[in-house]
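Trainee: Predicted coordinates and the sequence they were generated for:
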Amino acid sequence: MFDLIETEIRPAEPRSAGKPLLPGGPISQPDHPDLFSAPPSAPILPAGPPEPNLPEHKTTEPVYFVLSPVRIRQFIATASSNTLDHWLYYCTDDTGGAREAHANGLIPNADEPPILREAGAVTSWLAHFDEDGPDDDMEAGEPTIFRLRRSLVRSVIETDPDAPQQPGKRHYLLTGDRLSD
């Protein structure tokens, strides 16, 4: 057993500044500054005017709106002509145009704007398509429906003045930014 009486308690010796903590040599200064020391007196950033973060001119690149395909059976089962939802729909029976829209998205165009429809207008379009069948155009194919969130395009659409104005059956034109006109 350990006997406390035999141990001798000695006070700790003060360490001098040049004395190493570990045997084997003097204390070396670290290459990086101490985090708690005073900041350096020289500025870290080079002197001069700050670089602007935003470009001075507007970019002329078009905005592409990504579309999500909708299965027609699922749309017919869930859509109602009288309800407003959070989606607007892009409809086409042009197979090539559908592939391009799915791959590249929709681009706002003031001259020939893509038409976006509410759910009730899409059901009317599908009913018209079923009654009349595809046009005689060789490029016409099966009807295709895409959707995108109404909130994403709210600032770049205008109500189509030639289309019905009933809630749930409206058409919109994807013309571009209304604020820049």
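Mentor: Arrived safely.
Trainee: Surely residue 99 forms part of a strand?
Mentor: No: per DSSP: H, G, I helix; E, B strand; the rest coil, residue 99 lies outside any strand segment and is helix.
Trainee: and it, how far is that from residue 126?
Mentor: As defined by CB to CB, to the nearest Å, residue 99 lies at a distance of 20 Å from residue 126. Where you see a C-beta, it was placed from the backbone N, CA and C, and this is true even at glycine.
Trainee: cool, and residue 94?
Mentor: 15 Å.
Trainee: Next: residue 163.
Mentor: Distance from residue 163 to residue 126, by CB to CB: 16 Å.
Trainee: Contact partners for residue 147?
Mentor: 67, 68, 70, 87, 88, 89, 90 (CB atoms under 8 Å, 6 or more residues apart in numbering).
Trainee: now do 7 Å
Mentor: 67, 68, 70, 87, 88, 89 (CB atoms under 7 Å, 6 or more residues apart in numbering).
Trainee: Then residue 104?
Mentor: Counting by CB under 7 Å, 6+ apart, residue 104 makes contact with residue 64.
Trainee: can you check residue 106 too?
Mentor: For residue 106, the contacting residues are 64, 65, 67, 90, 114, 174, by CB under 7 Å, 6+ apart.
Trainee: The same query, at a cut-off of 8 Å, please.
Mentor: Residue 106 neighbours (CB under 8 Å, 6+ apart): 64, 65, 67, 90, 114, 148, 174.
Trainee: Identify all contacting residues around the longest helix along the chain.
Mentor: In the chain, taking DSSP state H as the definition, the longest helix is helix 119-132. Residues outside helix 119-132 that contact it (CB under 8 Å, 6+ apart): 72, 75-76, 79-83, 85, 87, 89, 91, 93, 117, 143, 145, 163-164, 166, 168-171.
Trainee: Please list the members of those residues that lie in helices.
Mentor: Reading helices off the contacts of helix 119-132 with DSSP H, I get 72, 75, 76.
Trainee: want to throw these into a markdown table with distance to residue 131 and pLDDT?
Mentor: A markdown table is the format used below for the ones in helices among the contacts of helix 119-132 (distance: CB to CB, whole Å; pLDDT from 0 to 100):
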| residue | distance to residue 131 | pLDDT |
| --- | --- | --- |
| 72 | 15 | 91 |
| 75 | 18 | 90 |
| 76 | 15 | 87 |
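Trainee: Just put those in TSV and tack on neighbour count.
Mentor: Formatted as TSV, those follow (neighbours: other CB atoms under 10 Å):
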residue	neighbour count
72	15
75	16
76	12
